[in-house]
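S.K.: Quick one, what's the 3D model for this:
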Amino acid sequence: MSFFTNLQMMFSALTKPQQQVTLSKLPPGRVLDIGGGGEGVIAQVGGCQVVAVDKLVSEIGEARDKAPSANWLAADATRLPWSNGSFAQATAFFSCMYMSDEVKAAVFKETYRVLQPGGEFWIWDVLMSARSGVFALRLQATLPDLKNVSTAYGVRAKDQSAASLGSLLQQAGFKTEINAQHKHWFLLKACKTT
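M.R.: Residues are numbered from 1 along each chain as shown. Alright, predicted model coming up:
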């Protein structure tokens, strides 16, 4: 990205209040975390029960030190290396914003495939419009042990909403059970019905 684009993202982040997300303990079972590099928030919550995948080795390297007991894999989430039904749960913590709609659709289909029947897919992500040019968000995540993780996310803006992700989830076979809207972000919980 250009210097100007980075400057726009920084301005966008600073003009919005820091968003607060509080995370609970993960349910039992193996958890697949899509795009889990960077801060490794889900891996910090679940430790050894989390398998975090990210396309970028640099993102995994950054996160691994923050959650050394988690399992880390550089992989393309559109072609996951596990058999059907390998995971009890899946998460995507502010990672869909970096994917095109085509990639999201493929990732959701793969996530559906590797989840066990009745498995849940939790997605935290942002509401944004392509008209804004860039999108950035400052975030503080409070973990179950009350540790706070402060971070920021920035991307060239595209059209994304809970409804657009919900539609892609439905096309993949999921049923959305929770759709919690906040001013700049949302939380979805979708279940594998079969």
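
S.K.: Mind naming the longest strand for this protein?
M.R.: strand 115-126 (DSSP state E).

S.K.: Just the CA trace of the helix or strand that that strand is followed by, in PDB.
M.R.: Later in the chain than strand 115-126, the nearest helix or strand by DSSP states H and E is strand 134-142. C-alpha atoms of strand 134-142 as PDB (Å, rounded to 0.1, in the frame of the first residue of the first chain):
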ATOM      1  CA  VAL A 134     -10.000   2.700   3.300                       C
ATOM      2  CA  PHE A 135     -11.300   1.200   6.600                       C
ATOM      3  CA  ALA A 136      -9.500   1.000   9.900                       C
ATOM      4  CA  LEU A 137     -10.500   0.100  13.400                       C
ATOM      5  CA  ARG A 138      -8.800   0.300  16.800                       C
ATOM      6  CA  LEU A 139      -9.900  -2.600  19.000                       C
ATOM      7  CA  GLN A 140      -9.400  -3.700  22.600                       C
ATOM      8  CA  ALA A 141     -10.200  -7.400  23.200                       C
ATOM      9  CA  THR A 142     -10.700  -8.500  26.800                       C
END
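
S.K.: which parts of the longest strand of the chain are buried?
M.R.: Of all the residues in strand 115-126, those buried under the rule 16 or more other Cβ atoms under 10 Å are 115, 119-126. From N, CA and C alone the C-beta is placed, and that goes for glycine too.

S.K.: quick one: Cys61 is in a strand?
M.R.: Wrong residue type there; residue 61 is Gly, not Cys. No. Assignment of Gly61 by DSSP: H, G, I helix; E, B strand; the rest coil gives helix, placing it outside any strand.

S.K.: okay, now it: neighbour count?
M.R.: Using other Cβ atoms under 10 Å, the number of residues around Gly61 comes to 13.

S.K.: where are the low-confidence patches of the protein?
M.R.: The chain contains residues with pLDDT under 70 at 1-17.

S.K.: now do 50
M.R.: By pLDDT under 50, the weakly predicted segments of the chain are 4-14.

S.K.: What segments of it are helices?
M.R.: Per DSSP state H, the chain has helices spanning 3-15, 41-46, 57-64, 101-114, 162-172. These are given in chain order.

S.K.: how far off strand 115-126 does the fourth one point, in degrees?
M.R.: Relative orientation of helix 101-114 and strand 115-126, computed by axes from the mean of the first three to the mean of the last three Cα atoms, to 10 degrees: 150 degrees.

S.K.: So what's the residue count around the closest residue in space to Gly38 that isn't next to it in sequence?
M.R.: Leaving aside its chain neighbours, Gly38 sits nearest to Glu59 (5.1 Å; criterion: Cβ to Cβ, 6 or more residues apart in numbering). Using other Cβ under 10 Å, Glu59 has 20 neighbouring residues.

S.K.: Correct me if wrong: Glu59 contacts Gly37.
M.R.: Yes. In this structure, Glu59 is within contact of Gly37 by Cβ atoms under 8 Å, at 2.6 Å.
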